[in-house]
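Visitor: task: produce atomic coordinates for the following.
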Amino acid sequence: MTEYKVAKVFYNPDVKYIANTLSLRPPQLDSLNIFAEFCDLISFSKTPNLVEDLERVHSKYNTVTSFERDFPSICFNLATGIGKTRLMGACIAYLYYAKNVKNFFVMAPNLTIYDKLKRDLSNPSSPKYMFKGLDKFVDPPRVLTGDNYLDLCSPSLTHSDVVVNVFNISKLNTDSKDSKRGQARIKRLSEILGESYFDYLKNLPDLCIFMDESHHYHADKSFNVINDLHPLLGVELTATPQIQKKSKAVPFKNIIYEYTLAHALNDGKYVKVPTVFTRRDFKPEQYTEEQLDREKLLDGVRLHEKTKSDLDIYSRTYGKKLIKPFMLVVAKDTDHSKQILDYITSNDFFGGCYRHKVIEINSNQSGVEKDYNIQQLLKLEDDDNKIEIVIHVNMLKEGWDVSNLFTIVPLRASASATLTEQTIGRGLRLPYGERTGIEAVDRLSIVSHDKYQKIIDLANDPNSLVRKVRFVDDVEDEDNSGKERETVEMPSTFSQAISSDDNKQKYEELLSSTFSPIQTEASEIDSASLGEAKSAIIDFVTDSVSNATIGLSNKVESFNDLKNQPVQSELVGTVVEATINRFEQLQIEEEVIKELVETIVVDTIQLLTDKVIPIPRVVVQPHTEVECGFYDFDLDTSAMKWHPSKDTLLGQELREDGNQVIFESELRAETATETPENEIIKRLMQFDNINYFQCKDLLYKLVNSAKEHFLSYLNEDAARRVMQERQKTLAEMIHSQMNEHFYKEKVDFQAESIRPFTKIETCYGGKFKADEIFDLIKSSDDAVKTKVYSGFKKACHTLYKFDSSPEKVFAVVLETDPKVEKWLRPAPKQFNIYWGPGEEHRYEPDFVVETSEKIYMIEVKRHDQIEKHDEEVFKKAEAGIEYCRTVSEWNKTHNGKPWEYALLPDNEIKRTSSFDFLIANRAKC
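Guide: Numbering: from 1, shown residues only. Modelled structure (predicted):
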């Protein structure tokens, strides 16, 4: 039976289409729904009745107590990083789709935002193009500015019929602020237009205004000039909807919706987590201001370097783009800024390491120096930009949208100033568009040693923007300031063994005894080239066999099936053919290469079964979700017995005892632009529980059933007229019947498409470049977080890092206990286990251990977390238990070992512990 799922609530079909196409986030969708209703609540006129419009809007949205303009104007308060620009594009698109508005005026507060808006409005190839995917914006709108607005008179074949005028507020302010300079250019008479461009805009019948970062000019007297344009409506977008009057902050009176940074932090989705770092037991009163600055800068760089390492590891582990982070230093004034620059570029600061990696931005700069620094600033996200530290006096202005700011060091700032949205807002954007679940990648670090207690108090405030306070000392177990870091690849023992020198030598000897490529006088191969050819063939065959063997997981039922002759024969044939095609110019004979491939296949499968724990490939999401939809059904048309009405006009004389006038027309006016079927579909789409994209087949089936019913007793023209006249009633009747076949149920997510094994993923870890690789058994069990360990005999990787001393001690137990056959520390993406929705809830077990009887998934946790029944620890345990249950059921019928989950308290783990003892004393889950 066909099932049709439903989606979120949309105000109307246009909102639904725009929201789905632009992939709006929930706060943006909420805003667009509200905007669509606002457009229906107001008179939508160049001469509005503001009192009546406000009454209607206020009755629905009581936070709007005044439009604060001579036209209906509302404000959306969206936090930095949520997507105000995308919302602006959605609102512009809605006005075009739903109201046929074609003329827009967009205001920017400064040059940075002005340039950004021009790009985002006009360049379809840009990833930030506002209208990406919308069918009516395949051709971009024509964007007119203070420099090119006279181009309006020239026809364009490459733009849509939408015109967006983008102006910096200063373009309108000239005559308001400086009478000596005369009128602004926009208000001067244009011979081409026959009037000023301002008058041209004022006379447009459908002009709508959008005001970006409107808090900059919301109460500016010069902004009153915009009232003279008489727009249909105005939309303000800002993250700080208030104006400063002396020492008092006065909020806007026209805020219709807000999604603040506090909302975003509570939802845990759209912005980084601001975290204040301080030093443990730090006494700021013992330092001069200059000394305190230097200590904070040193710790800021320490955090910055750790973040660089964490981002590199994340990029390699998940195959993502490498993000290059930078640190922002906020100075008190320009003199202070210069002192900081001198210190950072001196040999006293990490031996001058950052001398050519820092720029200073302040208002005293001019000419070439200023232009160069601003250019570097705008390219901070580029891969080839070398800048890692930016010094600035005041926070950089809105419009500077970077996602790679991870560390902020505010110097000589108050606690309250440190934690304002203006201070931390520039660093909130997520580099990958969403949280990753990796704390270091999702975090914005703010260094503040001198205001510790005040920051603690502020962080405990439920309205605070900062929810976490951490100690710099906890970032590493020991002071390693100034040491250079590196990322270490930790390959699996299987991949290392298959490409070992011993194996390569063995395969070269085998190939040398049979391989002799055909040579001609025109193409002779010397001994060096022959050696290179052999090496290339061996590398290709080894990689091909390894990848193809892992790929057999989709075909075989168990790990041991790999040793079956038919399986190996198919694998040999595939690789032989691929090798001959790859080295076609060498004209290798099939029998020659077949012997090599057969040998490598046998070796590879033996190594795989010897050195790899068979981890079944399966996605487990152990939570329930409400699922809604419609079952397929046939429309009941028994109550639909209609005929078309006559084309008769009725009139009434407007006088006492006036007569009724009847006029029968022989010719009907054809005004419908859509077929009756599509009109009915549009009406159906307005019901909250109907998602067009998921149940369109059912919708068209039902509407066509109604049409076929009418055609059974009417001609085609009459049937069409009935459907046109009765479209509202038809839609309601169809929806009523659909609701009889509506379902809503809870569905447990179960594991699907289980396969017997998967590739052991490569691990990556960070270390200090000068440090050696430490031996697991011989090294001490202290200060383990910065170290990389080797010396394993049973592990599935060649190197490992550990997050705690108990984890490292447990690894020693695994290596020395004869009960254990194999073990591994899984790479972050080895398992697809989730303890909640989204990537941030991916569960990464600490260990997997194989014995002769079972395979264990093991988590090592602090005993106090277990004793207090920490919610996250036990939710992860539930997910792990569900995985073990699922794969155990699979293995029961596929010749595999059962899996068990074990949660181990750290205080039970000693070097002298046996594996059986620890399993017997595991925590109850």
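Visitor: what sits against residue 289?
Guide: Contacts for residue 289 (CB atoms under 8 Å, 6 or more residues apart in numbering) come out as residue 412. Using the backbone N, CA and C atoms, a C-beta is placed for each residue, glycine as well.
Visitor: for residue 447, see how far away it is.
Guide: 15 Å (CB to CB, to the nearest Å).
Visitor: residue 348 now?
Guide: 19 Å.
Visitor: those two: which is more packed in?
Guide: Counted by other CB atoms under 10 Å, residue 348 and residue 447 do not tie: residue 447 has more neighbours, with 27 against 11.
Visitor: can you give me the strands for the stretch 151-300 of the chain?
Guide: Here the stretch 151-300 of the chain has its strands, by DSSP state E, counting those that start in this stretch, at 163-168, 189-190, 195-196, 208-212, 233-238, 242-245, 248-251, 255-259, 273-278.
Visitor: sort out which residues of the fifth one are buried, please.
Guide: Of the residues in strand 233-238, those buried under the neighbour-count criterion (16 or more other CB atoms under 10 Å) are 233-238.
Visitor: of those residues, closest to residue 64?
Guide: Using CB to CB, residue 236 comes nearest to residue 64 of these, at 11.6 Å.
Visitor: I'd guessed that closest one sits against residue 78; true?
Guide: No. Between residue 236 and residue 78 there is no contact under CB atoms under 8 Å: 10.8 Å.
Visitor: so can I have JSON lines of the strands of the stretch 151-300 of the chain showing distance to residue 354?
Guide: Shown next, in JSON lines, are the strands of the stretch 151-300 of the chain (distance: least, CB to CB, whole Å):
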{"stretch": "strand 163-168", "distance to residue 354": "35"}
{"stretch": "strand 189-190", "distance to residue 354": "53"}
{"stretch": "strand 195-196", "distance to residue 354": "53"}
{"stretch": "strand 208-212", "distance to residue 354": "35"}
{"stretch": "strand 233-238", "distance to residue 354": "35"}
{"stretch": "strand 242-245", "distance to residue 354": "36"}
{"stretch": "strand 248-251", "distance to residue 354": "38"}
{"stretch": "strand 255-259", "distance to residue 354": "38"}
{"stretch": "strand 273-278", "distance to residue 354": "19"}
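Visitor: could you dump those into CSV with mean pLDDT and distance to residue 483 added?
Guide: Conversion of the strands of the stretch 151-300 of the chain to CSV gives the following (pLDDT from 0 to 100; distance: least, CB to CB, whole Å):
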stretch, mean pLDDT, distance to residue 483
strand 163-168, 89, 47
strand 189-190, 62, 65
strand 195-196, 78, 65
strand 208-212, 93, 44
strand 233-238, 94, 44
strand 242-245, 77, 45
strand 248-251, 80, 45
strand 255-259, 93, 42
strand 273-278, 84, 19
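Visitor: and these: which comes nearest residue 884?
Guide: Evaluated with CB to CB, the strands of the stretch 151-300 of the chain place strand 273-278 nearest to residue 884, the distance being 31.3 Å.
Visitor: the closest residue to residue 345 other than its chain neighbours: what secondary structure?
Guide: Nearest non-adjacent residue to residue 345, counting by CB to CB, 6 or more residues apart in numbering: residue 355, 4.6 Å away. Using DSSP: H, G, I helix; E, B strand; the rest coil, the structure places residue 355 in coil.
Visitor: what does residue 55 give?
Guide: helix.
Visitor: contacts only, for it.
Guide: Neighbours of residue 55 in contact, by CB under 8 Å, 6+ apart: none.
Visitor: distance of it relative to residue 70?
Guide: With CB to CB as the criterion, residue 55 and residue 70 are 17 Å apart.
Visitor: show me how the chain divides into domains.
Guide: Following automatic domain parsing, one gets these domains for the chain: 11-259, 268-482, 493-611, 625-743, 753-920.
Visitor: turn these into TSV, including distance to residue 619.
Guide: Listed next are those as TSV, based on distance: least, CB to CB, whole Å:
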stretch	distance to residue 619
domain 11-259	23
domain 268-482	15
domain 493-611	14
domain 625-743	14
domain 753-920	4
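Visitor: relative to residue 617, which of the ones you listed is closest?
Guide: Among the domains of the chain, if distance is taken as CB to CB, the winner is domain 753-920, at 4.0 Å.
Visitor: I'd like the distance from the closest one to the chain centre, please.
Guide: How far domain 753-920 lies from its chain's middle: 29 Å, per CA atoms, centre = their mean, to the nearest Å.
Visitor: and if you look at stretch 301-308?
Guide: 23 Å.
Visitor: identify the residues contacting it?
Guide: Residues outside stretch 301-308 that contact it (CB under 8 Å, 6+ apart): 277, 324-327, 350, 354, 388-389, 406-407, 440, 443, 445, 447, 472, 475-476, 481, 485, 766.
Visitor: those residues, buried ones only, as a PyMOL selection?
Guide: The buried residues among the contacts of stretch 301-308 can be selected in PyMOL (16+ other CB under 10 Å) with this line:
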select buried, resi 277+324+325+326+327+350+354+388+389+406+407+440+443+445+447+472+475+476+485+766
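Visitor: so where do the helices sit in the stretch 301-450 of the chain?
Guide: 334-344, 367-378, 415-418, 421-424 (DSSP state H, counting those that start in this stretch).
Visitor: in terms of mean pLDDT, which of those helices ranks lowest?
Guide: Lowest mean pLDDT within those: helix 415-418, at a mean of 50.
Visitor: tell me the helix or strand right after the worst-scoring helix or strand of the chain on mean pLDDT.
Guide: Ranking every helix and strand in the chain by mean pLDDT, DSSP states H and E puts strand 3-5 at the bottom, with a mean of 38. Per DSSP states H and E, the first helix or strand lying C-terminal to strand 3-5 is helix 13-22.
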